[in-house]
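J.: here is a sequence together with a model predicted from it:
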Amino acid sequence: SSHSMLSRVFVASGGVSYGWNTLPRVARTLVAWKKWGRDRSVVQPGQRCYRQQRGTRAFTTSAPPPPPPRPTKSSMSAGPGGVVQRKNIGFFGRMNVGKSTLMNAITQQETSIVDSKPGTTADTKIALMEFHALGPVKLFDTAGLDEEGTLGDKKRRKTMQAIKEADVALLVVDPLQCGDGPAPLDVEREVIDVATKRKKAILVVYNIFNDKKRAFEARGGSLSTLCEDIHHTLTGRKMKETQGFDTGSNELPVAHYVVDLGGKKSEPNAVALIEDLFRTIEGQTVPILPHLSRNSTVFLNIPMDEETPGGRLLRPQAMVQEHLLRDYVSTFCYRMDLAAARSSDTQRREAEKRRFQSNLLQLGRLPLLITDSQAMDIVHPWTLDEEGKPLCEITTFSVVMVNHQTNGRLMNFVDGVRKFQNLKKGDRVLIAEACNHNRLAICEDIGTRQIPKKIAQSVGEGAVTFEWEFGREFPADRLHEFSLVIHCGGCMIDRQKMVSRLDDILEAGTHVTNYGVLLSYMQSPQAMERVLRPWSTDILSRHD
């Protein structure tokens with residue numbers, strides 16, 4: 001490694017040889033690193049590096065590799081705006097049947113505490129990982145459903161909620177839990193019933209504890225027959241001779257798996273069955289926005305107030321912008337001055353209107369304008385011409401999100417407007433926001449200030465009682481107490497949780513609407529129709 005050995009290094013680059021003083025900087029850096037005994041390589045893009053003779057290196061250049069193909073939406077693990085779209089997998093069953101053991105086997109680490117003491121899992125444990133065939137997944141290890149007492153009831157409610165938010169429910173069963181006879185199946189039936197009602201795929205895992213099995217079979221029992229009987233009682237279907245999918249025509253997919261979770265080979269087969277289940281249930285995901293022509297431009301109206309976080313856009317705004325840019329649709333971002341737009345000072349108000357409309361008109365014919373819902377009282381009239389005809393189509397970020405997060409079920413939130421029209425004295429309204437931030441008293445917050453104020457103006461001050469729920473918890477067991485639920489776009493929770501909330505509301509017989517839909521309707525029925533028009537003519541006809 002003397003300097004004489006390194007004083008002459010050849011780099012084949014278009015047939016040109018370089019001496020030490022004329023070497024490209026990257027090559028001199030590489031040689032210097034070698035001299036100091038560091039085992040590193042610095043290679044320019046498009047070059048291939050290989051070791052040659054005693055301390056020397058050579059570079060050969062090749063054509064730069066072609067750019068990677070643009071990922072399709074189905075191949076991207078991260079959704080719009082960098083949000084990772086995960087598939088949810090839950091582990092359910094009684095205490096001490098092996099749920100946590102299965103969780104640890106799949107994650108290949110001690111994700112959950114395992115102990116012989118019943119009730120060790122005190123709360124829902126979540127693990128994030130990747131399956132090669134599925135991409136990002138979220139695993140739920142839940143508390144045993146047969147724990148008694150007040151604490152057991154609280155755990156049970158949380159576990160049942162996790163079933164509703166899972167895509168695949170893994171029901172772990174110990175067929176010999178009660179000794180010689182089969183375990184009572186009330187808990188298992190409940191899991192199957194909820195999962196079936198919510199259209200979840202089901203994997204029934206029969207955990208065979210070998211010590212119990214030997215004792216049972218020594219007394220003449222047949223474990224395979226016992227599992228067959230339990231499985232038919234739970235699912236109404238017969239097991240196949242091999243582990244895998246059950247027979248069944250057009251019903252929801254159900255798989256079974258017989259295993260000793262204390263063994264070493266439970267993880268690969270369980271993962272393979274889960275992946276097979278997902279292949280049978282995966283459907284089309286509703287895109288963020290309807291298709292827009294390539295190279296068109298969308299106007300994004302983004303007012304900012306005291307609660308707007310620094311350093312980033314809000315998630316719906318970022319998701320929309322990323323989605324549009326990925327489809328080669330340009331975006332024009334505009335910050336409306338709402339204080340000026342609503343000012344009693346005519347000159348100030350008209351100046352903001354001119355600023356807005358000049359930016360709007362200079363972009364030419366726009367396919368769509370998307371605005372913050374709270375600005376609908378300004379955006380709707382300011383995007384009409386002198387004859388009252390729309391200058392462009394409009395919708396709101398909240399409407400975009402709620403349609404995407406519920407996989408196209410926007411019509412449920414439109415139907416809730418009818419209930420708003422008929423609110424009366426004594427009704428209770430729940431306002432639900434998925435985000436959980438400290439709300440500033442000086443700010444005209446949409447959920448805590450603007451919507452209640454507008455409802456009071458319509459129904460009467462004090463006529464309606466309001467309650468609020470913020471963050472990821474939701475009062476699923478009290479929804480029947482409310483006449484109407486008004487929900488945000490749901491950008492801070494995953495799609496499964498948002499769909500679960502919607503189903504809970506509808507099952508309780510309660511009506512639901514959305515911030516964007518309601519604020520548009522409060523401006524005028526015409527404004528609501530404009531907000532819905534980009535989505536579906538079916539939605540408009542349902543409301544009519």
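T.: That came through fine. The structure displayed is predicted, hence computed values, not measured ones.
J.: what's the neighbour count on residue 377?
T.: Around residue 377 there are 19 other residues, counting by other C-beta atoms under 10 Å. For the C-beta atoms, the positions are set from N, CA and C on the backbone; glycine is no exception.
J.: just to be sure, it is in a helix?
T.: Yes: according to DSSP: H, G, I helix; E, B strand; the rest coil, residue 377 belongs to a helix.
J.: can you verify my assumption that it contacts residue 523?
T.: Yes: contact criterion C-beta atoms under 8 Å: residue 377 and residue 523 qualify, at 5.1 Å.
J.: got any ranges where this protein has weak pLDDT?
T.: Within the chain, the segments meeting pLDDT under 70 span 1-83, 112-122, 178-183, 240-251, 262-268, 284, 437-443, 536-544.
J.: what sits against the spatially closest residue to residue 433 that is not a sequence neighbour?
T.: Nearest non-adjacent residue to residue 433, counting by C-beta to C-beta, 6 or more residues apart in numbering: residue 488, 4.7 Å away. Taking C-beta atoms under 8 Å, 6 or more residues apart in numbering as the contact definition, residue 488 lies against 398, 401-402, 432-435, 446-447, 514-515.
J.: measure stretch 385-398 end to end?
T.: By C-alpha to C-alpha, to the nearest Å, the extent of stretch 385-398 from end to end equals 25 Å.
J.: try stretch 318-336
T.: Using C-alpha to C-alpha, the two ends of stretch 318-336 sit 17 Å apart.
J.: quick one, strands of the stretch 101-250 of the chain?
T.: 125-131, 135-141, 168-173, 201-207, 244-245 (DSSP state E, counting those that start in this stretch).
J.: give me the next element, helix or strand, following the last one.
T.: Okay, so that is strand 244-245. Next helix or strand after strand 244-245 toward the C-terminus (DSSP states H and E): strand 254-259.
J.: who are the packing partners of the helix or strand just after that next one?
T.: Remark: after strand 254-259, the chain's next helix or strand is helix 266-281, criterion DSSP H and E. Contact here means 3 or more C-beta pairs under 8 Å, 6 or more residues apart in numbering; DSSP states H and E; on that basis helix 266-281 packs against helix 99-107, strand 125-131, strand 168-173, strand 201-207, strand 244-245, strand 254-259.
J.: sheet partners, orientation included, of the second one?
T.: If you go by DSSP bridges, strand 125-131 pairs up with strand 135-141 (antiparallel).
J.: show me which residues of the strand it pairs with are buried.
T.: For strand 135-141, a neighbour-count test (16 or more other C-beta atoms under 10 Å) marks 135, 137-141 as buried.
J.: output it as PDB, restricted to C-alpha atoms.
T.: Presented in PDB, the C-alpha positions along strand 135-141 are these (Å, rounded to 0.1, in the frame of the first residue of the first chain):
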ATOM      1  CA  GLY A 135     -46.700  -5.500   2.100                       C
ATOM      2  CA  PRO A 136     -47.200  -3.600   5.300                       C
ATOM      3  CA  VAL A 137     -49.500  -5.200   7.900                       C
ATOM      4  CA  LYS A 138     -50.700  -4.300  11.300                       C
ATOM      5  CA  LEU A 139     -51.200  -7.200  13.900                       C
ATOM      6  CA  PHE A 140     -53.500  -7.000  16.900                       C
ATOM      7  CA  ASP A 141     -53.000  -9.200  19.900                       C
END
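J.: any chance you could list what contacts that strand?
T.: 77, 84-91, 99-100, 103, 106-107, 111-112, 121, 124-131, 162, 165-166, 494.
J.: for stretch 367-379, same thing?
T.: Residues contacting stretch 367-379 (C-beta under 8 Å, 6+ apart): 289, 292-293, 296-303, 320, 336, 338, 341-342, 360, 383, 392-400, 444, 446, 450, 515-516, 519-520, 523, 527, 531, 534.
J.: straight-line length of it, end to end?
T.: The first-to-last residue distance of stretch 367-379 comes to 15 Å (C-alpha to C-alpha).
J.: so how far is it from its chain's centroid?
T.: 25 Å (C-alpha atoms, centre = their mean, to the nearest Å).
J.: list the contacts for residue 434?
T.: Applying C-beta under 8 Å, 6+ apart, the residues contacting residue 434 are 471-472, 488-493, 498.
J.: quick one: buried ones out of those?
T.: Applying 16+ other C-beta under 10 Å to the contacts of residue 434 flags 488-493, 498 as buried.
J.: thinking again about what came up before, restricted to buried residues, select the contacts of stretch 367-379 in PyMOL.
T.: To isolate the buried subset of those in PyMOL, counting by 16+ other C-beta under 10 Å, use the following:
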select buried, resi 289+292+296+297+298+299+300+301+302+303+320+336+338+341+360+383+392+393+394+395+396+397+398+399+400+444+446+450+515+516+519+520+523+527+531+534
